[in-house]
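>>> Below is the sequence, then the predicted model.
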Amino acid sequence: MKNQRLVYFNGKFVKESEANISIYDSALMFGDMVFEMTRSFNGVQFKLKEHLERLYAGLKILHISIDQTIEELEDICLKTVEVNKPFFNEDDEHRLMINISRGPLGIYAPIFNNKIEPTVIVADFPLKFTVSKMGPLFDSGVNLIIPSQRAIPAHLMDPKIKNRSRMWYQMANLEVANIEGDNNWALLIDPDGHIAEGTGDNFFIVKNNEIISPEGRNILRGISRDYIFELAKELNIKCLEKNIEPYDVYNADEAFITATPFCILPVSSLNKVNINHGKMGKITKKLLDKWSENVGVNIIEQIKNFGQELHNDEINQPTPYQFKKNK
């Protein structure tokens, strides 16, 4: 039954297993695709409009034209959630994956009767499979490792466009996966030596009761990152952007990362040098508690419950940050 989830694919809903793009699609050929991934709280999509606004900015910059307006695509997203509700448990959260490419390359047009159109896909996947192993990280925190792979600066390829050409992220993940120890995640620095971002998350430190984010130049400006600025304003905590170096992280009072699936995770150390004695900091916890209050979900409890639910499940695959070792 789980395999029967439906995917919006170029104007119609098809079974998940049948939602296949052409081998000639620009996404496969060049990683030429913009995308967004969302989540719900209590079944209600969070910041969907903001995700779509970032998506349409990327489409504009990459000259990918689709027939749907942003309002029409929003309706498609909500319809995708609705048609998939029968295949979700009552307490599941919906994680939308929105992928848009310019479609098959023009030189292959004869294969498609000379009709080339963008590929537009909206899939709905249970959030719990993404976050099921993350519950313990709220207690232990993650150890960030700076790999040799550098962030690609905006003047070479702008990371503010959320695109599927992300091999530098994968190279960083592969390198960090070979470091001894548990809970190692990559933290990229840019060519100038400034802290940039993780490979799918944004980074913050706290120093002297101020929240500091790396400048939004050489990073993806995350929707969750933006929400930290909103939460900080609600909590009357100063939140600013500025260049920071590894030295600043080592001497921070707290550190944390943000991303759509898990919202906030504490950072316990950088290159195995402890931050705040390796514990979640007070301001980090205030932000997480306020986020939970605003959305009506205990975020930590929910993710830990998902982990308990799937503890004995048949799904036991590597995460995007860990890989099976070759024998």
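Great, that's in hand.
>>> Tell me, how many residues neighbour Val7?
23 (other CB atoms under 10 Å). Using the backbone N, CA and C atoms, a C-beta is placed for each residue, glycine as well.
>>> After the strand or helix carrying it, which helix or strand is next?
Val7 is part of strand 6-9 when elements are defined by DSSP states H and E. Counting by DSSP H and E, the next helix or strand C-terminal to strand 6-9 is strand 12-15.
>>> Tell me the strands beside that next one, with direction?
Strand pairing for strand 12-15, determined by DSSP bridges: strand 6-9 (antiparallel).
>>> now the partner strand: mean pLDDT?
For strand 6-9, mean pLDDT rounds to 98.
>>> How far does that strand sit from its chain's centre?
Relative to the centre of its chain, strand 6-9 is centred 21 Å away, using CA atoms, centre = their mean, to the nearest Å.
>>> Output it as PDB, restricted to C-alpha atoms.
Output in PDB follows, covering the C-alpha atoms of strand 6-9 (Å, rounded to 0.1, in the frame of the first residue of the first chain):
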ATOM      1  CA  LEU A   6       0.900   9.300  -6.100                       C
ATOM      2  CA  VAL A   7       3.200  11.800  -7.700                       C
ATOM      3  CA  TYR A   8       2.100  14.900  -9.700                       C
ATOM      4  CA  PHE A   9       4.000  14.500 -13.000                       C
END
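>>> what's next to that strand, contact-wise?
13-16, 19, 76, 79-80, 83-84, 120-124 (CB atoms under 8 Å, 6 or more residues apart in numbering).
>>> which residues touch Gly135?
Contacts for Gly135 were tallied using CB under 8 Å, 6+ apart; they are Ile300, Ile303, Lys304, Asn305, Phe306, Gly307, Gln308.
>>> PyMOL command to pick out the buried ones of those residues?
Selection of buried members from the contacts of Gly135 for PyMOL, criterion 16 or more other CB atoms under 10 Å:
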select buried, resi 300+303+304+306+307
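>>> of all the contacts of Gly135, which comes closest to Ala186?
Distances from Ala186 to the contacts of Gly135, taken as CB to CB, are shortest for Ile303 (20.9 Å).
>>> thought that closest one was touching Phe262?
Yes. With contacts counted by CB atoms under 8 Å, Ile303 reaches Phe262, the gap being 6.4 Å.
>>> All set now, cheers.
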